[in-house]
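*Asks:* here is a sequence together with a model predicted from it:
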Amino acid sequence: MAVAGANQSTFHLEATENPGALIKDIWENGMKVCFAIKRGTTVEYVAPWANQIDMALVMAVEPGFGGQKHMEDMMPKVHWLRTQFSSLDIEIDGGVDPDTIHKCAEAGANMVVSGSAILRSEDPRSVINLLRYVCSEAAQKRSLDR
């Protein structure tokens, strides 16, 4: 991946028995390291690795296909990560749209994956701008609250 020009690699913690070795391989290839966790994985599983990764991705849907409904019960995972690791990039993937972005950003997500909401919109640019604005405003509020 690095030879092809990738600068980051995201992998599901559930997909490896040895996250430490995979982290090392990714770093040695000059890429950022990103963890993804599925709905059934406890967020505390990220803790031992948090100082070795650049981003944690919380899945708010079951991975596999687009257009799924956002699972709001994943927001406590985002919030826990934000309170424990204030400088870690935290991304949310799944059902992120103009109706769900506020709760995602308030929980602590500073990065989002939004496919269907953008691609199916009559005005994709306005959706992107809204998602970006809400995340930015929430991040500024968090920094003022510290």
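*Replies:* Nice, thanks for sending it over.
*Asks:* how close does the residue with the largest distance to the centre of the chain get to Asn129?
*Replies:* Distance to the chain centre peaks in the chain at Glu122, reaching 25.4 Å (criterion: C-alpha atoms, centre = their mean). Applying C-beta to C-beta, to the nearest Å, one obtains 14 Å for the distance of Glu122 from Asn129. C-beta here means a position set from N, CA and C on the backbone, and glycine is covered the same way.
*Asks:* next: Ile26.
*Replies:* In terms of C-beta to C-beta, Ile26 sits 32 Å off from Asn129.
*Asks:* just to revisit the earlier point, next, the residue farthest from the centre of the chain: secondary structure please.
*Replies:* coil (DSSP: H, G, I helix; E, B strand; the rest coil).
*Asks:* tell me the pLDDT of it.
*Replies:* Per-residue pLDDT puts Glu122 at 97.
*Asks:* can you check the one 10 residues further on too?
*Replies:* As predicted, Arg132 sits at a pLDDT of 96.
*Asks:* so which residue is dead centre in the protein?
*Replies:* Glu91 (1.6 Å).
*Asks:* who touches the residue nearest to it when sequence neighbours are not counted in this structure?
*Replies:* Once flanking residues are discounted, Glu91 sits nearest to Met111: 3.8 Å by C-beta to C-beta, 6 or more residues apart in numbering. In this structure, Met111 makes contact with 55, 89-92, 135, judged by C-beta atoms under 8 Å, 6 or more residues apart in numbering.
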